[in-house]
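> Generate coordinates for the sequence data below:
(one chain, ligands or ions: 1)
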Amino acid sequence: MRTPPPAGGAPAVHLDQVVKEFRGATGPVRAVDGIDLTIGSGEIVAFLGPNGAGKTTSLDMVLGLTTPTSGTISVHGHAPRRAVAAGRVSAVLQTGGLLRDLTVRETVTMIASTFADHAGVETVIDRAGLTSLAGRKVSKCSGGEQQRLRFALALLPDPDLLILDEPTAGMDVTARRDFWETMRAEAATGRTVVFATHYLEEADSFAQRIVMVAGGKVVADGTTEEIRAQATGRRVSANFSPDTRPTALAHLETLEIVHAIRPEGDRLHLRATDSDAVARAVLDLGGTDLLVTSGSLDDAFTSLTQGATR
Ligand SMILES: Nc1ncnc2c1ncn2[C@@H]1O[C@H](COP(=O)(O)OP(=O)(O)OP(=O)(O)O)[C@@H](O)[C@H]1O
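Residues are numbered from 1 along each chain as shown. Next comes the predicted model:
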């Protein structure tokens, strides 16, 4: 069993007003536009955003692969490159050279030989679920199996922080589910896991916290439930009889906490921030069959990322 970093130490990841600009054909491209973010030790965080949101650029900076144009980043209190050199952080990236003619075990053994101290070849093969494939050539492994191999390599330094950039891209549903099960076991040992994804379900089912990025900025940060509520508000609906309906509609339209009203047959659908207060008003106005729901995560994603494009 690994020893997690002491509680109460520096955060696993800290970004302070981080900006990254690239030189584009028609002028500078601001890939990351002032991100402030703190991720505590042991958190499982999804970086969720559409194409070009700035996810990969942010993670690359956390890994010290590129440096911010302005702002600062620390990983467990150190500069990213120092944290990587000390084996405190490692990554599973979308691509990355694997030698096709080596077997899975030979690949892990070769990379292990570059570490003064490592978690053990057979241990990481086992943790990545590759024991039965250890003798297979990399060229004969599927895309999902190669991602598992990259994951085994990332475990070699026994890192406190694992960064995964779209680790399940190209995997089918079963491979994806198996991969996340393995990852859950890793997180349970106290590792911090930060992953980038396009998949809402993946962020929803695996992460405790979602940092939604769009246009190089953080547009929402919280639990899935908080993001849903923040972006879509609550939905309140109820039936009204023909007698009560006109008065109810007129009154509800005057309430500031009601953002939108959509009539449908006998029913009124309302969007509101304070659903408790609206629900009380609806009942006072004679509404029946009251229903309070939150919008879907899909709605939240669309509404938060719209308008945030570069
Ligand atoms: N080296 C580069 N030179 C110029 N522009 C770049 C470079 N790297 C990234 N960009 C631009 O920066 C923006 C953010 O890219 P980034 O790869 O970080 O997004 P992403 O959220 O990871 O997207 P995806 O989900 O498609 O991988 C994009 O507009 C991209 O074209």
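> Check which helix or strand residue 195 maps to.
Using DSSP states H and E, residue 195 falls within strand 192-197.
> Okay, now the sheet partners of that strand, with direction.
Strand 192-197 pairs in its sheet with strand 44-48 (parallel), strand 161-165 (parallel), by DSSP bridges.
> Enumerate the positions of the helix or strand following the last one that are buried.
In the C-terminal direction, the helix or strand that comes right after strand 161-165 (DSSP H and E) is helix 173-188. Of the residues in helix 173-188, those buried under the neighbour-count criterion (16 or more other Cβ atoms under 10 Å) are 175-176, 179-180, 183, 186-187. For every residue, glycine as well, the C-beta is placed using N, CA and C.
> And stretch 85-96, by the same measure?
Quick answer for stretch 85-96 (16+ other Cβ under 10 Å): 87-93.
> How about stretch 106-125?
For stretch 106-125, burial by neighbour count (16+ other Cβ under 10 Å) applies to 106-108, 111-112, 118-119, 121, 124-125.
> Please flag which of the residues you listed sit within helices.
Within the buried residues of stretch 106-125, residues falling in helices by DSSP state H are 106-108, 111-112, 121, 124-125.
> which pair in those residues spans the largest distance?
Within those, 106 and 124 form the most distant pair, 13.6 Å apart (Cβ to Cβ).
> Show me the shaky parts of the stretch 101-250 of the chain.
228-233 (pLDDT under 70).
> near the ligand, which residues of it show up?
residue 198 (Cβ under 6 Å from any ligand atom).
> try 5 Å this time
Counting by Cβ under 5 Å from any ligand atom, no residue of the stretch 101-250 of the chain lies close to the ligand.
> And the pLDDT at the residue nearest the centre of the chain?
Nearest to the geometric centre of the chain sits residue 46, at 1.2 Å (Cα atoms, centre = their mean). For residue 46, the model assigns a pLDDT of 93.
> close enough to count as contact, it and residue 201?
No. In this structure, residue 46 is not within contact of residue 201 by Cβ atoms under 8 Å, at 10.7 Å.
> gap between residue 74 and residue 28?
25 Å (Cβ to Cβ, to the nearest Å).
> Cool, thanks, signing off.
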